[in-house]
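Colleague: Kindly return the folded structure for what I paste below:
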Amino acid sequence: MSGTLWAILSGVCTGVGGLSYRYAAEGRVPTIQLNAGLGICGCLLFAMLGGDQWAEFSPVACLLGLAGGVSQYAAIRLLRWTMRRGPLAPAWCAMSLGGFVPVIVCAFLFMGERPSRLQWLALLFTCAAVGAAAGQGKVNAGTGGITRRGMAVYGAMLVLLMVLAGGVNVILKYAAAGPLLQAQGKILMCFVYVGMAAACGADLTLRRGWVVNRHALIGGGVCAAAALGSYLIILSIMDLPSIRIFALNSTASILTVALGTAVRFREKPDLGWYMVVVFSIAAVILNR
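Modeller: Alright, predicted model coming up:
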């Protein structure tokens, strides 16, 4: 199977993980709880897959992994804060853009990657799909009046949200640029999930927010399986250009969620839904 198809498959897995959050929400299961469960499953899986890599344990891999895991927790918390200050759509859009924009920019500026014109066009279609998907969100008017300072703070929070959401992908690309990913990739990912599990678990425990029901168990299991499957695929194709891996991953994820919400959750397609589908398909076709 070609790298392009693997990248698309990783995005389908990511999208299935996204649908699991939607399913868990029906049982009032906090998003952060699914991430805590994902963190526990992830650290166990990659600890076992680490094998001989543990014999050459690198503190650098440990620190980078922990930073990546905590960045995902911080992104979730910041998403909630931005939603209190403004509409859902810009916050969701920033979170989604974080999946591919930071790593592509870093690869372009610091690692010498030069996407083709068609790939840049595909990236624009991916961003358009994100915007169309975000536009379907319900609007939260926020509190208080609109001021220049408030708008500046809100804008800065959106940029920070995008950067935090892309933390793990940037770290993986940095590690792939040298020998670290090959030598310590499983160890790095193990500590990504250690950081995620510790931060999310501590938050839930302090807030007494754990929920145990059918939606938590099924949603958590699907989330863990899908997310881990996605990153196992991504780790196997990290030699491909960032714009192919992460833009295709995000595009396929958005398309999977759009189709899944219409089929599984009976959400009626509107103009934004059709725009998501068209833009996503165009992005996949162009990103070669």
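Colleague: Name the residues of the strand or helix carrying Leu79 that come out as buried.
Modeller: Taking DSSP states H and E as the definition, Leu79 sits inside helix 59-85. Within helix 59-85, the residues that qualify as buried by neighbour count (16 or more other CB atoms under 10 Å) are 61-62, 64-66, 68-76, 78-79, 82-83, 85. (Each C-beta comes from the backbone N, C-alpha and C, glycine too.)
Colleague: Packing partners of that helix?
Modeller: Counting contacts by 3 or more CB pairs under 8 Å, 6 or more residues apart in numbering; DSSP states H and E, helix 59-85 packs against helix 31-50, helix 88-97, helix 148-165, helix 167-176, helix 180-207.
Colleague: so which of those helices gets nearest Gly229?
Modeller: Between Gly229 and the helices and strands packed on helix 59-85, the tightest spacing by CB to CB is seen for helix 31-50, at 10.3 Å.
Colleague: now the closest one against helix 59-85, angle please.
Modeller: With axes from the mean of the first three to the mean of the last three CA atoms, to 10 degrees as the basis, helix 31-50 and helix 59-85 are set at 170 degrees to each other.
Colleague: moving C-terminal of the helix or strand bottoming out on mean pLDDT in the chain, what's the next helix or strand?
Modeller: Sorted by mean pLDDT, DSSP states H and E, the helices and strands of the chain end with helix 88-97, the least confident at a mean of 77. Downstream of helix 88-97, the first helix or strand assigned by DSSP H and E is helix 101-110.
Colleague: Which neighbouring elements make contact with that following helix?
Modeller: Under the contact criterion of 3+ CB pairs under 8 Å, 6+ apart, helix 101-110 touches helix 148-165, helix 167-176, helix 242-263.
Colleague: now these as JSON lines including mean pLDDT, distance to Asp270 and mean neighbour count?
Modeller: What follows is the helices and strands packed on helix 101-110, written out as JSON lines (pLDDT from 0 to 100; distance: least, CB to CB, whole Å; neighbours: other CB atoms under 10 Å):
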{"stretch": "helix 148-165", "mean pLDDT": "84", "distance to Asp270": "24", "mean neighbour count": "16"}
{"stretch": "helix 167-176", "mean pLDDT": "94", "distance to Asp270": "30", "mean neighbour count": "23"}
{"stretch": "helix 242-263", "mean pLDDT": "90", "distance to Asp270": "10", "mean neighbour count": "24"}
